[in-house]
Structures are given as C-alpha cells and as structure tokens.
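[1] here's my sequence, what's the structure:
(chains A and B)
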Amino acid sequence: MEKLIEDFSLGLFFWQTLLFLALVFLLWKYAWKPILNAINDREEGIKDALAAAEEAKKEMQNVTADNEKLLKEARAERESLLKEAREIKEKIVTDAKELAQAEGDKLIKQAQATIESEKKAAVADIKNQVAELSVEIAEKVIKEQLSNKEKQLKLVDDMLGDIKLN
Amino acid sequence: MRNPLLVNFLLVFTIFFSVTIFANESEMNSDETKTDLKTEIDEYIQHHLKDSHDFSLFSYTDDDEVTHHVGFPLPVILWDNGLVVFSSSKFHHGEEVVAAGNNHYKLYHGKIYKTDASGTINYDSDHHATNIKPLDFSITKSVMMILITGFLMFLLFGGLAKSYSKNAGIAKGVGRFFEPIIIYIRDDIAIATIGEKKHQKYMPFLLTIFFFIWFLNMFGLTPLGVNVTGNIAITTALAILTFLITNFTGTKTYWKHLFDPLGSSMPWYAKIPLYVILIPIEVLGIFIKPFSLLIRLYANMQAGHIVIMSLIGLMFLFKNWIGSSLSFGLAFAISLIEILVAVLQAYIFTMLSALYFGFASEEHEHAEAH
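    Numbering: from 1, shown residues only, chains lettered A, B, ... in the order given. All right, here's what the predicted structure looks like:
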C-alpha cells in the first residue's frame, strides 16, 4: 500500500483526467455520435427494408390471389358467353327452320292453290274448246247429214251427253 | 496481422536487450555475472514499470563503459511557486542537477526533488529521500502515450465516422474491424446492463474507456516499454470518473437502495438495528466498487509486465540452449496470453463500469422486480 501511494503521481493523475475527459468529449462529438447514429440509421433502414419486403410479399400474394380470382371470373364469363352464344345459335337455327318450314308450307299451299285454279281454268278452257269443237263437228255433221233434221238434233244431244259423261 | 508484429517487436526488443547485457558481460567473471545480471534485470524491470521523464527506447554501454541512451527527451513542467519548464534532457538521466530560476532540481529514482546546487539528497532512516518534491506536471512518457493513444483513437474513430457518410452508411477499411466491437459494447454491455432507455448518455464514456484501456494495454505489450494502464495514477483517474458518473447520475431508487435497502418489507423499528450495520456497508460499497476497478486493472497489467520481462530476463540468466529457448517459448506464450488479457481487462473495466451505471440509473418499477 505504501508503495502504491509512493508510486502515485499527482501530475500523471492530473494529465490523465484532463486528457481523458477531453478525449471523451472529442470522440463523442466527432466519432461516437456519428458512428452510433450511422449504425442506428442503418439498423432502422434494415428493419424498414425487411418490413417493406414483408409488405411487398403480402401485397404480391394479394395481387396473385386477385389475379387468380379475376382469371376465374373471366373464365366463368367466357363459359357463360359461349353458352349463351350456343343457345342463341340454336335458337336462330330453330327459328330459321320454323320460318323456312312455314314459308315452304305457304309456298306449297299457294302452289297447290294455283295448280288447282289453273287446273280449273284449263278444264273450263278444255270444256269451251270441246264445245266449240263439238259445234264445229256438229256443223260439219249437220252439213253433211242434214237430211233428217230431227234425227240430227237427237244425235247432237246424245253426243253432248256422252261428252259430259267423260 | 497483430501477432507477427508483436513477435517482431519482441525479437527486436530481445536483441536490444542482449546488446546491453553482452557489453557488460565481457568485463566480469562468471560468478559475479549471475548476481549482477540478476540485480540488473530486476532494476531494469523496476525501472520499466515506472513512469519516466524521457522517452527512452533502449540504452547500451559501449566499449569505453559509457552508457548511451537512445530516445528523446520530454518537457518537464513543475509548479514550485511559479511555473518551471525545461527539457528532461537537462537531467542527463539523473546524472546532473538542473538549475531553473532560483532553484535546483534533481531526478532521483524517477522523481524530481528540490536540492541545492550540488544535488544533495537527504535520506530518512528507511533510505527514503526527504527532499521537497515540487508539484510535477511534466509531460512524462505515460502522458506522451496517452496523447498518442488519444490522437490515434481520434484519427481511427473520426475516420470511421466519416466513412459512414462517404460510403452510404457502411464502414470502410479498418473500421470494419472496430464497428462490431462498438456494436458489441452498445448491445451486450451498455444495453444489457443499463437498459435500452438510458444507455445512450453513458455510451461515450464506455466506448472511450474500452478502447483507451485496450489500446494502452496493447501499447504496453510493444517493446516501447510503456506501462500506462499498469500505473496506479491512471487507473485511479479512470476509477474516479466511473465513481463520479455513477453517483451523479444516481436516481432516487439508487439512493433509496443505499439508505433504505429493506424498503417496506419491515416496520421502521425493526429496521433500525439492522441499518446500523447495513448502511455503513452499503456506503462503503460505493467506494469499494471503483477501488476494486482500479486495483484490478493496475495489478493485472503490472503483473503481466513483470512476468513477461522476467521471462525474457531468464533467457540471459540461463545462458544455455535449452533453458533460454524454453523461457523464450514461455515468454512468447505469455505474451500471447497478455494480448488476451489486454482486451479482457478493458472489457472487464467497461463491463463493471456499465454495471455500476446500471445500478445508478435503475428506475423504480424495475427495482420492484427483485
């Protein structure tokens, strides 16, 4: 202990205290403060970056899910559109068929009616011509066989009756 | 990188040392040599452990038995009813009396005494000098090393601080080595013992004291022969700072712990007889804590220096291949351990200071927990 006190130098103690305090002050101002701040900032930055990455990941997942959903919806929409289109197509085809059928039927009926009326007109025409022909024939027969007037008339009547039967 | 450097230093040191011994050896016969060598080594070690007024690197004796000192002088600053300043080279390593102003001064065993013109030193019965010692504020070897270390630290950490802004927040160069240590001190020493909330105000002291002690310990291992942290005045100054910071930042809880350690666990009349013993112990504890700090650092560094130097000295005492090389190996191993001790002692000093600061800055809600 005595040796320790003997070794103790007041001057050294004085310088040590003074210089050390100055060193603490200077280093605090020019080294520790900026160093600790920089480390802190960097750590905060890393923390923020990690949080941001996590956030981005979550967002990404959301986006992917959204995309999936959208895709599903789009697919469903397409499906329904296609179905609708098919239905419309079928309806159109059916409608067209029905229309065509109706038109066809109508045309056929018209044709039949025309044919019927034409036939009637032709028959009437034929009748007229037959009548004329008959008259001409009758004239000729009369001219040639006009010997017996009463006989002849009777013949004409018979003949006419025969034609009508035909 | 550090180890080869140290080995080199040791080698150079050994060579210088051997030169001194060699020169002396030639004139003595072998029996005397051993005792003389022993005393010489002992004196050398004693001298090395002390602070000195000049920065001597080594000394040798030439063939004409003239001792040469290689080194440079440092300024001597005395307060003796006025400021006295002169160069330590005037002492001629204690051989001459310096006349400054009206007074005469003599360097005797590393201390400056006031004497008369012929340099008489008076002794008491225990062979202690009784001359008046003027107040000595000289820039001694230790002060020089403190200045150099401080300057080095300022350059190193100032540079590190600057490199952050230059390099987008990332340390550059040697700072990459020191940055994790700073972070370690912050996270595992300061925050762990003081707490997240209050550690900031103690950080400059803790960081400075850690690197200061560490660097000076490392300098002590170089053959520059500086024993700064093994000097009682240095460790006292550091411990007193820890003591002052602890008690000046002490919270209400801290003082309550000191003077009312039992709190409301007992009625007041039961506490009185206990407190007669407890309070003096607690108060003594305030002083014992920093005192243990100063003794621990001083003793560790002092002991390390003595062991290494003794082992190196042994090399020359053995004077044979086996013994000398063995003690060289041992000295080498011990100096490797000393490198560890250098950082360990710095760590312990910092850690314990932080622990005391932690006690001082304790808050009430935390105190309730135990």
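[2] tell me the SS of the closest residue to residue B:150 other than its chain neighbours?
    Spatially, and ignoring its direct neighbours in sequence, residue B:150 is nearest to residue A:23 (4.6 Å; C-beta to C-beta, 6 or more residues apart in numbering or on different chains). (Glycine included, C-beta is placed from N, CA and C.) Under DSSP: H, G, I helix; E, B strand; the rest coil, residue A:23 falls in the helix class.
[3] for residue B:65, same thing?
    Assignment for residue B:65 (three-state DSSP): coil.
[4] so what's it scoring on pLDDT?
    Per-residue pLDDT puts residue B:65 at 74.
[5] and it, how many residues sit next to it?
    As a burial measure, residue B:65 scores 9 neighbours (other C-beta atoms under 10 Å in any protein chain shown).
[6] what about it, distance to chain A?
    Here residue B:65 is placed at a distance of 31 Å from chain A (C-beta to the nearest C-beta, to the nearest Å).
[7] show me where chain B has strands.
    Secondary structure of chain B (DSSP state E): strands at B:54-61, B:67-73, B:75-79, B:83-87, B:98-100, B:103-108, B:111-115, B:135-136.
[8] can you tell me the centre-most residue of chain A?
    For chain A, the residue nearest the mean C-alpha position is residue A:81 (4.2 Å; C-alpha atoms, centre = their mean).
[9] again but with chain B, I slipped
    Geometric middle of chain B (C-alpha atoms, centre = their mean) lands on residue B:229, at 1.0 Å.
[10] pLDDT below threshold where in the stretch 1-150 of chain B?
    B:1-34, B:94 (pLDDT under 70).
[11] show me what from it comes close to chain A.
    Contacts of the stretch 1-150 of chain B with chain A, taken as C-beta under 8 Å from any C-beta of the partner chain, map to B:50-51, B:77, B:135-140, B:142-143, B:146-147, B:150.
[12] about what we covered before: can you pull the pLDDT of the residue nearest to the centre of chain A?
    Confidence score, pLDDT, at residue A:81: 94.
[13] ditto for residue B:160
    The predicted local confidence for residue B:160 is 89.
[14] I'd say it and residue A:30 touch.
    No. At 10.3 Å, residue B:160 does not count as touching residue A:30 under the criterion of C-beta atoms under 8 Å.
[15] between those two, who's got more neighbours?
    Ranked by neighbour count (other C-beta under 10 Å), residue B:160 and residue A:30 place residue B:160 first, with 24 against 15.
[16] ok, that one to chain A distance?
    Note on residue B:160: its distance to chain A, by C-beta to the nearest C-beta, is 6 Å.
[17] for residue B:98, same thing?
    From residue B:98 to chain A the distance is 17 Å (C-beta to the nearest C-beta).
[18] ok, the worst-scoring helix or strand of chain A on mean pLDDT near chain B or not?
    Every helix and strand in chain A was compared by mean pLDDT, DSSP states H and E; the lowest is helix A:2-7, with a mean of 73. Yes. If you take C-beta under 8 Å from any C-beta as the test, helix A:2-7 does meet chain B, through A:4, A:7.
[19] okay, that helix in PDB with CA atoms only?
    C-alpha atoms of helix A:2-7 as PDB (Å, rounded to 0.1, in the frame of the first residue of the first chain):
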ATOM      1  CA  GLU A   2       2.800   2.300   0.900                       C
ATOM      2  CA  LYS A   3       4.500   1.500  -2.400                       C
ATOM      3  CA  LEU A   4       1.300   2.300  -4.200                       C
ATOM      4  CA  ILE A   5       1.000   5.700  -2.600                       C
ATOM      5  CA  GLU A   6       4.700   6.300  -3.200                       C
ATOM      6  CA  ASP A   7       4.100   5.400  -6.900                       C
END
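[20] tell me what it is packed against?
    Other helices and strands packing on helix A:2-7, by 3 or more C-beta pairs under 8 Å, 6 or more residues apart in numbering or on different chains; DSSP states H and E, are helix B:232-248.
[21] which of the residues in the helix it packs on are buried?
    By neighbour count with 16 or more other C-beta atoms under 10 Å in any protein chain shown, helix B:232-248 contains the buried residues B:232-243, B:245-246.
[22] those: which ones sit near chain A?
    Near chain A, by the rule C-beta under 8 Å from any C-beta, you find B:232, B:233, B:234, B:236, B:237, B:238, B:240, B:241 out of these.
[23] tell me the one of those residues nearest residue B:284?
    Residue B:284 has its nearest neighbour among those in residue B:240, at 16.6 Å by C-beta to C-beta.
[24] which ones are touching that closest one?
    A:17, B:290 (C-beta atoms under 8 Å, 6 or more residues apart in numbering or on different chains).
[25] check residue B:148 too.
    Contact analysis of residue B:148 by C-beta under 8 Å, 6+ apart lists residue B:219.
[26] what sits against residue B:282?
    Taking C-beta under 8 Å, 6+ apart, one finds B:257, B:258, B:259, B:261 in contact with residue B:282.
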